[in-house]
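Chemist: missing the sequence, but the structure's below:
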């Protein structure tokens with residue numbers, strides 16, 4: 001089973017890496033593909049351009065074989081829907097189990113995504129649950145969890161698609177928005193991002209204006 005995690009990574013930080021490493025180990029994934037967003041569909045566009053965000057991600061995982069950085073959404077040069085990205089993966093890997101990794105905040109709005117049923121035909125979902133960020137206890141979400149439930153990690157790992165696994169992950173009090181604010185205020189961010197990322201941010205004065 002492979003993992004797929006898409007994000008703005010604006011910028012990538014240690015919270016991303018530590019949490020995803022936890023998921024990688026918990027599910028014994030072959031690797032996790034990290035997909036930086038190209039163009040947003042229903043939200044504000046990223047602060048840093050796609051090339052810088054891609055480069056920061058490459059630097060952040062340069063010595064970690066558990067992660068593979070994939071720029072397919074950037075190369076698309078058009079708004080990216082999750083269903084389209086997963087369709088492209090499924091064409092390349094028709095039989096391999098896929099775990100699409102999302103946070104509980106995103107999952108709470110999954111029913112509003114573009115073609116959510118098709119997404120579950122293409123992949124499984126891992127829902128990362130951080131302390132204080134529960135899955136909504138509403139009828140829509142509960143029905144979704146019940147319909148696509150799996151009885152064990154083993155069943156999830158062996159399923160090509162269609163299963164949903166809530167997974168408790170460590171709490172990481174780091175956010176990209178906080179890091180951008182710290183950079184803007186001239187504060188040191190070396191505690192929160194890999195050193196290579198911090199150097200790139202300083203070199204190009206990202207998020208300073």
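Modeler: Thanks, I have the structure now. On a predicted model such as this, the values are computed, not experimentally measured, just so you know.
Chemist: C-alpha from now on. contacts and neighbour counts both.
Modeler: Noted.
Chemist: Go through the protein and flag its longest helix.
Modeler: Taking residue count as the measure and DSSP state H as the definition, the longest helix of the chain comes out as helix 14-27.
Chemist: Show me the strands in the chain, by range?
Modeler: With DSSP state E, the ranges of strands along the chain come out as 2-7, 32-36, 67-69, 98-103, 124-129, 164-168.
Chemist: Parallel or antiparallel, list what pairs with the last one.
Modeler: Translated: strand 164-168. Strand 164-168 has its sheet partners listed here by DSSP bridges as strand 124-129 (parallel).
Chemist: quick one, which of the strands of the chain is nearest to residue 206?
Modeler: With C-alpha to C-alpha as the criterion, residue 206 lies closest to strand 32-36 of the strands of the chain, at 16.7 Å.
Chemist: Which strands and helices lie in contact with the closest one?
Modeler: Contact here means 3 or more C-alpha pairs under 8 Å, 6 or more residues apart in numbering; DSSP states H and E; on that basis strand 32-36 packs against strand 2-7, helix 50-60, strand 67-69, helix 72-76.
Chemist: can you do 6 Å?
Modeler: With contacts defined as 3 or more C-alpha pairs under 6 Å, 6 or more residues apart in numbering; DSSP states H and E, the packing partners of strand 32-36 are strand 2-7, strand 67-69.
Chemist: And that strand, how far out from the chain middle?
Modeler: On the basis of C-alpha atoms, centre = their mean, to the nearest Å, strand 32-36 is displaced by 7 Å from the centre of the chain it belongs to.
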